[in-house]
Each structure stands twice: as C-alpha cells, then as structure tokens.
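A.B. asks: quick one, structure for this:
(chains A and B)
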Amino acid sequence: EAQVTQNPRYLITVTGKKLTVTCSQNMNHEYMSWYRQDPGLGLRQIYYSMNVEVTDKGDVPEGYKVSRKEKRNFPLILESPSPNQTSLYFCASSSPGLALPDTQYFGPGTRLTVL
Amino acid sequence: DQQVKQNSPSLSVQEGRISILNCDYTNSMFDYFLWYKKYPAEGPTFLISISSIKDKNEDGRFTVFLNKSAKHLSLHIVPSQPGDSAVYFCAASASSNYQLIWGAGTKLIIKP
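C.D. replies: Take a look at the predicted model:
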C-alpha cells in the first residue's frame, strides 16, 4: 500500500530536549516536505527536499533541521524545542511533474506538545 | 500577509443540498490551484485541482470554478453527503515555484 508514515504520532516533551520526528514514504517520490498546521493559519511549509542530499527552507524553518540521506526518509529534527513549536506536523511526498506541481501525499500527522 | 484566504472557518449544509466553499488569493503569479480534504487524525488528501488555463474542472460530485479576474475559486459539492463532513483546504502555486501556499481551511458540516 502506497503510504507516508510518521513517528511518533503523539509526543509531549520539555523545552530544550532534542527530538526527531521520522517520515518515510514507499512511493519512490523525489519530493518530500514538512509542514506545521496551526489554528487559523493553515499549513505552513518548514523545509522541503527535491531529492537526496538536496534540502531547502520553506516559510518557517527557524528552530528546525532536516536531512535527506535516503530517498524514502526525511526526518525533522528539533535541536532545542520551545513551546512555540507546539503544533501538528505533517510530512508529505510527491513526484513532481514536468510542468505542474503534482499532488502531495500526506502522512497522518504528529501532534507535538512542548512544555 | 496570507496569500491564500478562506474566509469562512466553518460551513453547515443540509444533506442533499449544495455545499459551496470559497477561496481567494492575492498573488497573480499563482496558476495552479488544488483542494484537499482532511478528516480528524488523518493527513490531508487530494480532492481536485484546476489550472489557470481553465475556468472549471469537474470530478463526479465535485466541481471547482476559477475566476482569475476576481482571484477567486470555489468548490461545489452536489449533492452533499454525510461523508463530506471534513476540513477543506485550498492551496495554490506558481508553476515557476513548486511550493504550495495553503489557506487556513473551512470546516464543512453536513447535517442529516
């Protein structure tokens, strides 16, 4: 089954304690992306990757890191989480078409609470 | 400043009637628009899209209309069914830039 998986689904942590949210896709997609969803703001892109070893900042990259060492995995790293990073996080992947952005497949989300 | 706006946080519609969800954008470079649907505890799933070379795209009960001069698009669902109750997101992109810009979402509630 084609899917994007994220782990963990729920996480409560404390300020400053490093954490990693994993994302994996089994569709051989080149493009992967991380979003955060906050009430009244929709989805905002944190980082994206067009392919292995190629990553770029999105709209809200501050406080986050990513890596793309393998095509299927795109972990999101919070080196020193703060309460303003409490949010719902989504990983997405797609295989960009030649002329138009393709549709994105989303993971189920990770709800992060930073105390 | 939000480039994609969904001004109705929620909408309640009777089962069997038409649901109309609206989306406005400000960036004239946007030329591709998508609607996604999201159920609780799940990620968004793609619903329907439209390119700026068209003004209408239809897929079963779902039709998206694009008015470029007004920078406005709408999603029509006819007839509305209980399973349509979800949050609907509008997203836009410029073909020169793969990044999607998202609206805040509209929660659609279908009443029996």
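A.B. asks: going forward, measure contacts between C-alpha atoms and count neighbours the same way
C.D. replies: Will do.
A.B. asks: can you check the pLDDT for residue B:99?
C.D. replies: With respect to pLDDT, residue B:99 scores 81.
A.B. asks: ok, now residue A:97?
C.D. replies: Looking at residue A:97, its pLDDT is 65.
A.B. asks: report the contact partners of the closest residue to residue A:50 other than its chain neighbours.
C.D. replies: Excluding the flanking residues, the one nearest residue A:50 by CA to CA, 6 or more residues apart in numbering or on different chains is residue A:31, at 4.5 Å. Listed by CA atoms under 8 Å, 6 or more residues apart in numbering or on different chains, the contact set of residue A:31 reads A:48, A:49, A:50, A:51, A:93, A:94, A:95, A:96.
A.B. asks: tell me which of those is nearest to residue B:98?
C.D. replies: Set against residue B:98, the nearest of the contacts of residue A:31 by CA to CA is residue A:96 (8.2 Å).
A.B. asks: from residue A:104, how far off is that closest one?
C.D. replies: Going from residue A:96 to residue A:104 by CA to CA, to the nearest Å gives 9 Å.
A.B. asks: how much space between residue A:105 and chain B?
C.D. replies: Separation of residue A:105 from chain B (CA to the nearest CA, to the nearest Å): 7 Å.
A.B. asks: again, but for residue A:80
C.D. replies: For residue A:80 relative to chain B (CA to the nearest CA), the value is 26 Å.
A.B. asks: helix, strand or coil: sort out residue B:8 for me.
C.D. replies: Recorded secondary structure, residue B:8: coil (DSSP: H, G, I helix; E, B strand; the rest coil).
A.B. asks: more neighbours, residue A:96 and residue A:104?
C.D. replies: When residue A:96 is set against residue A:104 and neighbours are counted by other CA atoms under 10 Å in any protein chain shown, the residue ahead is residue A:104, at 21 against 16.
A.B. asks: what does stretch A:63-82 rub up against?
C.D. replies: A:14-30, A:32-34, A:46-47, A:49, A:51-55, A:114-115.
A.B. asks: point out where the chain drops to low pLDDT.
C.D. replies: Using chain A here. A:97-102 (pLDDT under 70).
A.B. asks: wrong chain, I was asking about chain B
C.D. replies: For chain B (pLDDT under 70), the answer is B:1, B:96-97.
A.B. asks: can you name the residue of it nearest chain A?
C.D. replies: At 3.6 Å from chain A, residue B:104 is the closest residue in chain B, using CA to the nearest CA.
A.B. asks: quick one: residues contacting the residue nearest to that residue when sequence neighbours are not counted.
C.D. replies: Leaving aside its sequence neighbours, residue B:104 sits nearest to residue A:42 (CA to CA, 6+ apart; 3.6 Å). Contacts of residue A:42 were listed using CA under 8 Å, 6+ apart, and they are B:89, B:102, B:103, B:104, B:105.
A.B. asks: report the separation between the residue nearest to the second one when sequence neighbours are not counted and residue A:32.
C.D. replies: It stands for residue B:102. Closest residue to residue B:102 apart from its sequence neighbours, by CA to CA, 6+ apart: residue B:91 at 4.3 Å. Separation of residue B:91 from residue A:32 (CA to CA): 17 Å.
A.B. asks: element containing residue B:49, please.
C.D. replies: Per DSSP states H and E: residue B:49 is located in strand B:45-51.
A.B. asks: quick one: contacts of that strand?
C.D. replies: Residues outside strand B:45-51 that contact it (CA under 8 Å, 6+ apart) are A:103-106, B:31-38, B:56-57, B:59, B:62-64, B:66.
A.B. asks: fine by me, thanks again.
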